[in-house]
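Q: Sequence first, then the predicted structure, then my questions.
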Number of protein chains: 2
Amino acid sequence: MTLQRLGEIGLIQRTKKMLGSDPRVLRGIGDDAAVLPFTKKEHLLFTIDAVREGTHFTLKKAAPYSQKATPFQIGWKALGVNLSDIAAMGGIPLYAVVSLGARKEDPVSFYDQITLGMKSLAKLFDVVIVGGDTDSSGKLEITIAMIGTVEKERCILRSTARVGDVILVTGTLGGSRRGRHLSFMPRVKEARSLTKNFRITSMIDLSDGLAGDLAQICRESNVGAIVEEKAIPISKGATLHSALNDGEDFELLFTLSPRDAGILLQKQKMLGLRVSKIGKIVEKSKGIRLQTAKGTIPLKGGFRHF
Amino acid sequence: MTLQRLGEIGLIQRTKKMLGSDPRVLRGIGDDAAVLPFTKKEHLLFTIDAVREGTHFTLKKAAPYSQKATPFQIGWKALGVNLSDIAAMGGIPLYAVVSLGARKEDPVSFYDQITLGMKSLAKLFDVVIVGGDTDSSGKLEITIAMIGTVEKERCILRSTARVGDVILVTGTLGGSRRGRHLSFMPRVKEARSLTKNFRITSMIDLSDGLAGDLAQICRESNVGAIVEEKAIPISKGATLHSALNDGEDFELLFTLSPRDAGILLQKQKMLGLRVSKIGKIVEKSKGIRLQTAKGTIPLKGGFRHF
């Protein structure tokens, strides 16, 4: 069997099983970041994420529905995807290390711009780039690992959604491929505000499309979901299909009780948030479905690397 | 100017300057791992390192002086290079996250073997793989980030060698390309024994050849060095040239006072160590030189990615 046939999720599940668990680890493979013991009041968060030429950005003339990336944007995105992972745990990002696969024939100014892109975003979130590693590579590739902290009671997993919870998202979804995926703002502040003011029961960042990422929450939490098509906040000019499947919106998808959701929807402006209620968590046996004008259909899709 | 012309070390220095320093960071870019505040008695160590097909291993028929890597060896090496970085700081490795650039046409069993290679080495050093990230990539590529801890008084930097110190190495050097680079044992236990029993003044792991890595200690410590050609412990069947330039021996290069060195050389067997005294630290103005039978010559070389 090839990797493509097993699929990305299959490979992760298989690797997780092979590696086994360890009592020191509070939450290992299968969430946006690992949760590790730290101080009396806080957990340590640890995550890694890569951006690759041809997969996460293109350096060639713009293809349809995609945008040629500037080096500044590539640096921004490489750090941003990691910040988004820490945000999805409710955490405070602290330190990053960078592994660069560089094309040695490129001008130095190109890498200066990548560094500036990373630096600008790091500064916004008070994150320090503390080390790295450089190799020669045929294709440009940046892998960043990040550590952060989170107060124990504000650490939010994917695996703790409960039947009856309401499903919400921040911002708008879809069409990110036309450019926003290169300049998005990681929702660290939004996540901190949410966990400060509400009891969020589960959370994930939208990197693989609403359909793909909601499926992750459902699998890890052992629940089902119903999403209302008409409630999905679609970005201007984007399609429902792109909102469900394209990924890289880097908004937050989260669940909380109907009561808390009601208060959040009322207070969102005051809290500087923009959220939409898009559905509810149901029993696993009911599956993951999309409520359309013509009835419910299975909600499948999302971006997979293989 | 291209990256190739600036060079790997030049790029790191340039990036370090652009990013600036931060008072929270005890030691940032420019050592084997970053040193960060942790508990009252310990620092946190944070590092990242990649292994790439074509650069760090080959999957093709063996080229001269190189060996076709098995997937088990690739997994072993990917974790090993990070363990070696933590060892070089005198630290205890704890947790790792893995970013995998996978070839989707490969059989799943190939990736099972990579996982087993990582798992075997992780088990030996009581390290837990706590998370990761998977993408499709044209070439196989594994980037691992690792965190560890080190008692404050046992944390060893590259930048603290002193004029008059003696230079030592563990094990033997050279010829690693013929196979050992795929199955080396990271010197974590050796480093722990050294820092427990002696006041090590500086340390680095030998990833880029003795000439290259000694130059890093000298630049960071603002000193020079004289190495005695005849004292270099060359691996069986290897050449002096490969010991100085090839890299990937993953032994430890370190300095300490002549008095401590004397005791170490006497007690090494009792401590389960094998070390060789190869030279001494001198003033920066004297440069970095190799003492040969015919006099001294400048010691230049070492592996650079560009």
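A: That came in fine, so what should we check first?
Q: partner residues bridging the residue nearest in space to the middle of chain A?
A: Nearest to the mean C-alpha position of chain A, counting by C-alpha atoms, centre = their mean, stands residue A:205 at 2.8 Å. Residues found in beta-bridge contact with residue A:205 (criterion: DSSP bridges) are residue A:252.
Q: Next up, the contacts around it.
A: Remark: with contacts taken as C-beta atoms under 8 Å, 6 or more residues apart in numbering or on different chains, residue A:205 is in contact with A:32, A:84, A:85, A:87, A:88, A:187, A:213, A:250, A:251, A:252, A:253. Heads up, the C-betas are built off the backbone N, CA and C, glycines and all.
Q: For it, give me the pLDDT.
A: Listed pLDDT for residue A:205 reads 97.
Q: got it, and residue A:240?
A: Here, the pLDDT recorded for residue A:240 equals 93.
Q: and what of residue A:64?
A: The score at residue A:64 is 58. That number is its pLDDT.
Q: Spell out which parts of the stretch 201-306 of chain A neighbour chain B.
A: By C-beta under 8 Å from any C-beta of the partner chain, the part of the stretch 201-306 of chain A that sits against chain B consists of A:305, A:306.
Q: Spell out, range by range, the strands that occur in the stretch 201-306 of chain A.
A: With DSSP state E, counting those that start in this stretch applied, the stretch 201-306 of chain A shows strands at A:202-205, A:224-228, A:252-256, A:275-282, A:288-292, A:295-298, listed in chain order.
Q: Buried ones in the second one, by neighbour count?
A: The neighbour-count check on strand A:224-228 (16 or more other C-beta atoms under 10 Å in any protein chain shown) flags A:224, A:225, A:226, A:227 as buried.
Q: Next, the contact list for whichever residue of the stretch 51-200 of chain A sits closest to chain B, please.
A: Residue nearest to chain B within the stretch 51-200 of chain A: residue A:145 (3.1 Å; C-beta to the nearest C-beta). Taking C-beta under 8 Å, 6+ apart as the criterion, residue A:145 is in contact with A:46, A:47, A:48, A:82, A:96, A:97, A:99, B:46, B:48, B:97, B:99, B:145.
Q: one more time with 6 Å
A: Each residue near residue A:145 by C-beta atoms under 6 Å, 6 or more residues apart in numbering or on different chains is listed here: A:48, A:97, B:48, B:97, B:145.
Q: Which strand residues bridge the fourth one?
A: The residues listed as beta-bridge partners of residue B:97 by DSSP bridges are residue B:131, residue B:145.
Q: and it, how many residues sit next to it?
A: When neighbours are counted by other C-beta atoms under 10 Å in any protein chain shown, residue B:97 registers 27.
Q: hang on, it packs against residue B:134?
A: No. Between residue B:97 and residue B:134 no contact is recorded; they are 11.8 Å apart, counting by C-beta atoms under 6 Å.
Q: what about chain A, any weak spots by pLDDT?
A: Where chain A drops to pLDDT under 70, the residues are A:62-66.
Q: of the buried residues of strand A:224-228, closest to residue B:24?
A: When these are compared for distance to residue B:24 (C-beta to C-beta), residue A:225 comes out closest, at 40.8 Å.
Q: So what pairs up with that closest one in the strands?
A: On the basis of DSSP bridges, residue A:225 takes part in beta bridges with residue A:281, residue A:288.
Q: Kindly report the same for residue A:169.
A: According to DSSP bridges, beta-bridge pairing links residue A:169 with residue A:253, residue A:276.
Q: what's around it, how many residues?
A: The burial metric for residue A:169, expressed as a neighbour count using other C-beta under 10 Å, is 26.
Q: ok, now which ones touch it?
A: With contacts defined as C-beta under 6 Å, 6+ apart, the neighbours of residue A:169 are A:251, A:253, A:276, A:278.
Q: can you check residue A:1 too?
A: Taking C-beta under 6 Å, 6+ apart as the definition, contacts of residue A:1 comprise residue B:108.
Q: now the one 3 residues further on
A: Residue A:4 makes contact with A:306, B:104, according to C-beta under 6 Å, 6+ apart.
Q: before we move on, could you check phi and psi at it?
A: phi -60, psi -40 (degrees, to the nearest 10).
Q: distance of it from residue A:305?
A: 10 Å (C-beta to C-beta, to the nearest Å).
Q: and what of residue A:137?
A: Distance of residue A:137 to residue A:305, computed by C-beta to C-beta: 18 Å.
Q: So for the two, which residue has more residues nearby?
A: With neighbours defined as other C-beta under 10 Å, residue A:137 and residue A:305 compare such that residue A:137 has more, 23 against 20.
Q: ok, now which ones touch the more buried one?
A: Counting by C-beta under 6 Å, 6+ apart, residue A:137 makes contact with residue A:101.
Q: Kindly recompute the last result at 7 Å.
A: Remark: with contacts taken as C-beta atoms under 7 Å, 6 or more residues apart in numbering or on different chains, residue A:137 is in contact with A:101, A:102, A:103, B:52.
Q: One more: residue A:6?
A: Per C-beta under 7 Å, 6+ apart, neighbours of residue A:6: residue B:108.
Q: same deal with residue A:144?
A: A:49, A:78, A:79, A:82, A:96, A:98.
Q: same question, residue A:183
A: Taking C-beta under 7 Å, 6+ apart as the contact definition, residue A:183 lies against A:73, A:76.
Q: how does it look with 10 Å?
A: Taking C-beta atoms under 10 Å, 6 or more residues apart in numbering or on different chains as the definition of contact, the neighbours of residue A:183 are A:67, A:69, A:70, A:72, A:73, A:76, A:77, A:80, A:117, A:121, A:176.
Q: mind listing which of the residues you listed are in strands?
A: In strands, judged by DSSP state E, none of the contacts of residue A:183 are found.
Q: picking up where we left off before, which of the contacts of residue A:144 are close to chain B?
A: The subset of the contacts of residue A:144 within reach of chain B, by C-beta under 10 Å from any C-beta of the partner chain, is A:49, A:82, A:96, A:98.
Q: can you give me the helices for chain A?
A: Ranges of helices in chain A, per DSSP state H, are A:3-6, A:8-19, A:71-88, A:108-124, A:188-197, A:210-221, A:240-245, A:258-267.
Q: just these: most buried one?
A: Here the criterion is mean neighbour count by mean count of other C-beta atoms under 10 Å in any protein chain shown, and of the helices of chain A the winner is helix A:71-88, at a mean of 27.
Q: packing partners for that one?
A: The criterion is 3 or more C-beta pairs under 10 Å, 6 or more residues apart in numbering or on different chains; DSSP states H and E, and the helices and strands that helix A:71-88 contacts are strand A:42-52, strand A:92-102, helix A:108-124, strand A:141-151, helix A:188-197, strand A:202-205, strand A:252-256, strand B:128-136.
Q: let's go with 8 Å and repeat that
A: Contact here means 3 or more C-beta pairs under 8 Å, 6 or more residues apart in numbering or on different chains; DSSP states H and E; on that basis helix A:71-88 packs against strand A:42-52, strand A:92-102, helix A:108-124, strand A:141-151, helix A:188-197, strand A:202-205.
Q: Give me the neighbour count for the residue of the stretch 201-306 of chain A found nearest chain B.
A: Among residues of the stretch 201-306 of chain A, the one nearest chain B by C-beta to the nearest C-beta turns out to be residue A:306. It sits 3.8 Å away. When neighbours are defined as other C-beta under 10 Å, residue A:306 has 19 of them.
Q: That one and residue B:106 touch, don't they?
A: No. Under the criterion of C-beta atoms under 8 Å, residue A:306 lies out of contact with residue B:106, with a separation of 10.0 Å.
Q: Now the common contact residues for these two.
A: Where contact means C-beta under 8 Å, 6+ apart, the residues bridging residue A:306 and residue B:106 through contact with each are residue A:3.
Q: before we move on, the earlier item: is it possible to export the strands of the stretch 201-306 of chain A to a markdown table including distance to residue B:300?
A: What follows is the strands of the stretch 201-306 of chain A, written out as a markdown table (distance: least, C-beta to C-beta, whole Å):
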| stretch | distance to residue B:300 |
| --- | --- |
| strand A:202-205 | 48 |
| strand A:224-228 | 63 |
| strand A:252-256 | 53 |
| strand A:275-282 | 60 |
| strand A:288-292 | 62 |
| strand A:295-298 | 65 |
